[in-house]
Structure formats: structure tokens, C-alpha cells
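Undergrad: Pasted the sequence and its predicted model underneath.
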Amino acid sequence: MTTALIANVGTITGRNLHRLVRVPTLIAFATVQPIMFVLLFTYTWGGAVHPPGVIHYVDYVLPGTFVLAIAFGASQTGVAIADDLATGMIDRFRALPMARSAVLAGRTVADAVRNLFVLALMTGVGSLIGFRFHAGPGPALAAVGLALAIGVAFSWIFALLGLLVRDPESAGIGGLLAVIPLIFVSSTFVPVATMPGWLQAFAKLNPITVTVDALRALCLGGPTATHVWQALAWIVGLLIATIPVAVLRYRHTTT
Amino acid sequence: MGERAAIETEGLIKRFGSVTALDGVDLCVPAGTVVGLLGPNGAGKTTVVRVLATLLRPDAGRAWVDGRNVVGEAAAVRRVVGLSGQYAAVDGYLTGRENLRMIGRLSGLGVTATRSRADELVESFELTAAADRTARTYSGGMRRRLDVAASLVARPRLLFLDEPTTGLDPRGRLGLWNLLASLAADGVTLLLTTQYLEEADRLADRIVVLDAGRVIATGTAAELKARVGGDRLELQALPGADPVPLAAALAGLGTPMVDAELGRVVLPVADGPAILPEVATRLAAAGVRVADLALRRPTLDDVFLTLTGERSRVDSTDGEAEVTSP
């Protein structure tokens, strides 16, 4: 049973990885866009924003752009799942004797592989313009792991969104409308302390702030434990909340 | 387990909101036969297929596929059934061969078995030249062939096809018909939905006519045609003219049916060619002109129109009297 599940997830992961290197928009989302984020935010905001305790803005913003790129990438999962519904692929899969969770799980695993590539690319470009992991290799690896973990949670959320919305275009727009405010009202680009009080309350609760703060601590050094535990709690909570709902929705989806 | 046919349903009911898609469908399809589900849009054909393929749960009634209950033993049903849905569901960014391999692996075939099966299907569905191109470069006919091939990867004993030739050109349609005929010859039980009477006529051993979620007739194509009777004489009134005088002129030659809306009179007759001179004489004597006069052998279209017409007449008797045009 478990081996069958793993085999099914592997097959679906393979399908999505094939698509990743063949669909032009997906290639752009995984290459041009992350590089653009790193360069744009570093050079346009780097002169104006001086977060306390950070010498180079790129050191501050890169962990934020990790989460930004991963969130935008995950929004494509909503589009893809809605597209699979619209084109009858989900029907085809549901009529096969395969694990009910494999279509969604395989997609999120493929997203994680993609995110690993994106993180490496962004780190490479970032280090060309001055970014360094100041806390050493251990915390750096932990940062990558944490970024991948929040990516898996995002992917499940967007997979569920795609199943609920059903229409690829609406899923795309819905994804952006969800990601943009959450990203901007967080510590992704600027310290939360500079926001108006009422907004700070939301920004501090925002799981993106929690995750970016944890990533930043792992990249820049300093106390990490609280941030990391909070981020992990959010990630686990999101996974527990979305996976069963998404799988149930998949099982009973009707077009 | 008692002996059950390859497909059996009892009183299937499925509602979507206020719409009753299936209103008590009973089916019995013996193993190794080809059954055509025939009906207009919205008759419930797709819903029947989706219930049988375990994609939809019926609201009431029961269904067995290969002796397994489609609700309680859905996983077992999925192992013996292939489904080719209404849209050619293949991944456009995978090659033809990759699509088939993906379905093979997901169906539980081993890696080597999947590879050889995919190669075999690519060959028999005449996709060899295009097998390593992404499916988005395929023509509609090739996509459909790939879709049917994908539903056959795991060698299902039953194959459900939902409007398999919709959107195909005549050549593509003919090619697919030949493929389906050879599957049937291999003993695969086929259930196909279609709006094309010609398709059901050509492929199906038995035809089930669905209308508004009910089975309104079952039989071989010949049996259904026999229900309509012999030949049909069709007279078309001049544009805007009342067809009733046409019918009046034919009094005594049979029971003419008047379609006031289309301005048409249809006269079922036993021997069409023999009666033609008499019809011409009558029309000339009555001084009515026709826009068109045609003699037709019954087709399944006639069967369908007759059957659905019968139904609406039955329906109208329990309400008000049938409305006739003034």
C-alpha cells in the first residue's frame, strides 16, 4: 500500500518535473522571476531601506525574496490543478486504481524540487552582489530546509484553492490576490516596526513574517530557536489544516 | 457472488441541484458486447458513464461493474475499467509515449511492462511517428487516439467511451471505429455514448436510448428501426404555408403526422415506391404544392425522433390536451 503510494507520487512528480522544463511560463517562473526579484528589490529599495543591524540590504532582503519566489511559484500549483480539472486529467486519474492523495502530493513534491533549484539560483545571484550566509553552513542548510517546508505548505494551500476554484484563470488571479498582501504586510522587505500600529498587529501574526524572520536569523546569525519553532508550528499547522481537506475535496470533486 | 452481467444498474438516480440527470436508469450489458448509449445533450449519457467509472456517486439505485458495486467496491472497479472521457485528457506537455507510460505506472504496471505496453499501443494506434513529440503538437484525431490508447494501457476488460468521435473528421472517425471494432472482437466490453446514430448503428450490438435521464428504448439497431415501421414519405409545405392541407390530401393512405412548426408532414408507409404515383395524383387533384417530397428508409434518427415524440405525447395526455396550431 505504502510502496504503491510512493510509486504513484513518484510518477506524478515526474510528470510535473517534465512540465517544469517544457512549459515556457513555468521555466520563466523558475528562472527569470527569482533573479528579477533579487536584483529589483536589492537595487531599488536597498538605498532607502536600512534595517537595524544589517550592513547590506541584500543580506536582509534575500531571505524575504526566497519566500516571495516560493509563494509565487506555489500559486502556479493552483493554476495547474484547476487546469487538470478543466481538461479532464483529474477525471482520468480518479478513474485509475491509484492512491487518492498522489496527484496532489506528487505536485507538491515537484514544487519542492523546483524550489530547491530556485533557492540555489537566488543564492548564487545574491552572492554575486554581496549576499553571504553569516551564520555558517549548518544554519544555512537549516534555512534551505525551512524554506522548502514553507513551500510544501504553500503548495498544498494552492492545490486546495485550485480544486475549489476550478477555473485556471481565476486560480491564477486568486493566487496573486492572496500572495501579494501577505507578502507585503510582512517582514519580507521592511522591518514590521516601520508599519502603522494596526498593520503591525497583522504583520506580526502573518506566517510569512514568522518564516522570513526565522530564515533571516538562520542566514544572518543571532538567536534562532524561537523564530524557527514558531515557523515550524505554522508550517505543521497549515499542513494539518489543508492536506486532509484537499484530499477529501479531490476524492469527491465532480466536474 | 451471484452471476452478474458486465454492467448492471438498477434504478440509478442522480440529481445536480434541481436538475435530475438520471431518473431511474436500468441497464444490463452482457460481457463482451458493445452497447451504445444514445441520446441528445442533457439526456444523462455522461452521468451514466461517470457513475459507472466511479467518478460520481448515485443519489439512489445501484450499479455493478464486473460484478463489483461501483460505490462500495470502487477500487476494484477501477482495476478492470478503462475510461476515455468526453475531452481527450492527455498531458499536452508530455510526449505520446510518456503519457502512456505515466498511465501505465499509475495503473500499477511495472516499469518494464509499462514500457513494452506503451510501445505496443503506440504501434497499434498508428502513433509511432509522433510518439516522441509532445501531445500538444497532435491533431484532434491523434489526441483522441492517444486518449483511447491511454485508457487501454492496463488491458481493461471494460472500456467506457464518452462521445469518442466528437470533433473528429470523417477519416478520423472511421479510423477510431475500426480500432473499437477490433477491441470488441478481442472480447472487451464496450459502453460508448454518442449523439451520432450512425456510430451506434455501426458499432453497437445493442442500443440504449436515453432521454431526460430515462431509458426510453433498448434493442438492436434493426429492432429499433422496426418500431418505426417501413418507409417514410416526407412532404414539406411551401415556406409559411400550413401543412394541414397536405395531410388532408393524403387521407386514407395512412396516418400522416403533422409537424406544424417545421411545416412538414410525415407519412409512414409500407411500400414507399409503390405509393408515390398515388401521392402525386392526390396532391395535383387537391391543388396543393410542396417545397419538397422525399422518400426515406427509417434511420436511427427517425427512431429517436419517434421515441422522444411518443414520450412527449404520453406526457401531454396526463396534463392538458395536445396543443394544435390554429
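TA: Nice, thanks for sending it over. Numbering: from 1, shown residues only, chains lettered A, B, ... in the order given.
Undergrad: Where does pLDDT dip in chain A?
TA: A:1, A:254-255 (pLDDT under 70).
Undergrad: brain fart, chain B
TA: Applying pLDDT under 70 to chain B flags residues B:1-2, B:228-229, B:300, B:309-326.
Undergrad: Could you check which residue of it lies nearest chain A?
TA: B:Ala89 (3.5 Å; C-beta to the nearest C-beta). C-beta here means a position set from N, CA and C on the backbone, and glycine is covered the same way.
Undergrad: Give me the distance between that residue and B:Gly140.
TA: For B:Ala89, the distance to B:Gly140 equals 14 Å [C-beta to C-beta, to the nearest Å].
Undergrad: who's more crowded, those two?
TA: Taking neighbours as other C-beta atoms under 10 Å in any protein chain shown, B:Ala89 and B:Gly140 compare with B:Ala89 leading, 23 against 13.
Undergrad: what secondary structure does the more buried one sit in?
TA: coil (DSSP: H, G, I helix; E, B strand; the rest coil).
Undergrad: and the stretch 151-300 of chain B, which residues reach chain A?
TA: B:Ala154 (C-beta under 8 Å from any C-beta of the partner chain).
Undergrad: Can you check my assumption that B:Arg232 lies in a strand?
TA: Yes - counting by three-state DSSP, B:Arg232 is found in a strand.
Undergrad: Wait, it touches B:Val266, no?
TA: Yes - with contact defined as C-beta atoms under 8 Å, B:Arg232 and B:Val266 form a contacting pair (5.7 Å).
Undergrad: List the residues that contact A:Asp91.
TA: A:255, B:50, B:55, B:83, B:85, B:89 (C-beta atoms under 8 Å, 6 or more residues apart in numbering or on different chains).
Undergrad: cutoff 6 Å now
TA: A:Asp91 makes contacts with B:55, B:85, as judged by C-beta atoms under 6 Å, 6 or more residues apart in numbering or on different chains.
Undergrad: Remind me which helix or strand it belongs to.
TA: Using DSSP states H and E, A:Asp91 maps to helix A:89-94.
Undergrad: So for the next helix or strand after that helix, what gets flagged as buried?
TA: Heading C-terminal from helix A:89-94, the first helix or strand you meet, by DSSP H and E, is helix A:102-128. Going by neighbour count (16 or more other C-beta atoms under 10 Å in any protein chain shown), the buried part of helix A:102-128 is A:102-112, A:114-115, A:118-119, A:121-123, A:125-126.
Undergrad: can you list the residues of chain A near chain B?
TA: A:8, A:11, A:15, A:18-19, A:22-23, A:88-89, A:91-92, A:94-98, A:254 (C-beta under 6 Å from any C-beta of the partner chain).
Undergrad: Give the other helices and strands that whichever strand or helix holds B:Thr46 contacts.
TA: For B:Thr46, the host element (DSSP H and E) is helix B:45-52. Contact analysis of helix B:45-52 by 3 or more C-beta pairs under 6 Å, 6 or more residues apart in numbering or on different chains; DSSP states H and E lists strand B:158-162 as its packing neighbours.
Undergrad: now the helices for the stretch 1-150 of chain B?
TA: B:45-52, B:74-80, B:96-106, B:111-124, B:140-151 (DSSP state H, counting those that start in this stretch).
Undergrad: Distance to A:Val152 for the ones you listed - can I get that in a markdown table?
TA: Shown next, in a markdown table, are the helices of the stretch 1-150 of chain B (distance: least, C-beta to C-beta, whole Å):
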| stretch | distance to A:Val152 |
| --- | --- |
| helix B:45-52 | 32 |
| helix B:74-80 | 27 |
| helix B:96-106 | 22 |
| helix B:111-124 | 27 |
| helix B:140-151 | 29 |
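Undergrad: For B:Ala285, find the nearest of these.
TA: helix B:45-52 (47.3 Å; C-beta to C-beta).
Undergrad: Now the residue of chain A found nearest chain B. Nearest residue, chain neighbours left out?
TA: Nearest to chain B, among the residues of chain A, is A:Gly88, at 3.5 Å (C-beta to the nearest C-beta). Distances taken as C-beta to C-beta, 6 or more residues apart in numbering or on different chains put B:Ala89 closest to A:Gly88, at 3.5 Å, once the chain neighbours are dropped.
Undergrad: how close does that neighbour get to B:Val122?
TA: 18 Å.
Undergrad: A:Gly73 too?
TA: Taking C-beta to C-beta as the measure, A:Gly73 falls 34 Å from B:Val122.
Undergrad: cool, B:Thr114 as well?
TA: 12 Å.
Undergrad: What of A:Val245?
TA: Distance from A:Val245 to B:Val122, counting by C-beta to C-beta: 39 Å.
Undergrad: who has more neighbours, those two?
TA: B:Val122 (22 against 14).
Undergrad: what's the burial count for the nearest residue to B:Arg144 once chain neighbours are set aside?
TA: Of all residues not flanking B:Arg144 in the chain, B:Ala88 sits nearest, at 5.0 Å (C-beta to C-beta, 6+ apart). The tally of other residues near B:Ala88 (other C-beta under 10 Å) stands at 25.
Undergrad: distance of B:Ala88 from A:Ala171?
TA: Separation of B:Ala88 from A:Ala171 (C-beta to C-beta): 22 Å.
Undergrad: got it, and A:Ile150?
TA: From A:Ile150 to A:Ala171 the distance is 20 Å (C-beta to C-beta).
Undergrad: Could you give the separation of stretch B:224-239 from the chain centroid?
TA: 22 Å (C-alpha atoms, centre = their mean, to the nearest Å).
Undergrad: What residues of that stretch count as buried?
TA: For stretch B:224-239, a neighbour-count test (16+ other C-beta under 10 Å) marks B:224-225, B:228, B:231-237 as buried.
Undergrad: Which of the residues you listed sits closest to B:Ala217?
TA: Distance to B:Ala217, by C-beta to C-beta, is smallest for B:Leu224 among those, at 6.1 Å.
Undergrad: How are the helices of the stretch 201-326 of chain B distributed by residue range?
TA: Using DSSP H, counting those that start in this stretch, helices in the stretch 201-326 of chain B cover B:221-228, B:244-249, B:272-286, B:300-317.
Undergrad: tell me the contacts of residue 106?
TA: Picked chain A for this. A:Gly106 touches A:9, A:12-13, counting by C-beta under 6 Å, 6+ apart.
Undergrad: actually chain B
TA: Contacts of B:Leu106 (C-beta under 6 Å, 6+ apart): A:8, A:11, A:96, A:98.
Undergrad: one more time with 10 Å, if that's ok
TA: A:4, A:7-8, A:11-12, A:15, A:92-93, A:96-99, A:102-103, A:106, B:114, B:153-154 (C-beta atoms under 10 Å, 6 or more residues apart in numbering or on different chains).
Undergrad: Next one: the residue nearest to A:Gly88 from B:Thr194, what distance?
TA: 18 Å.
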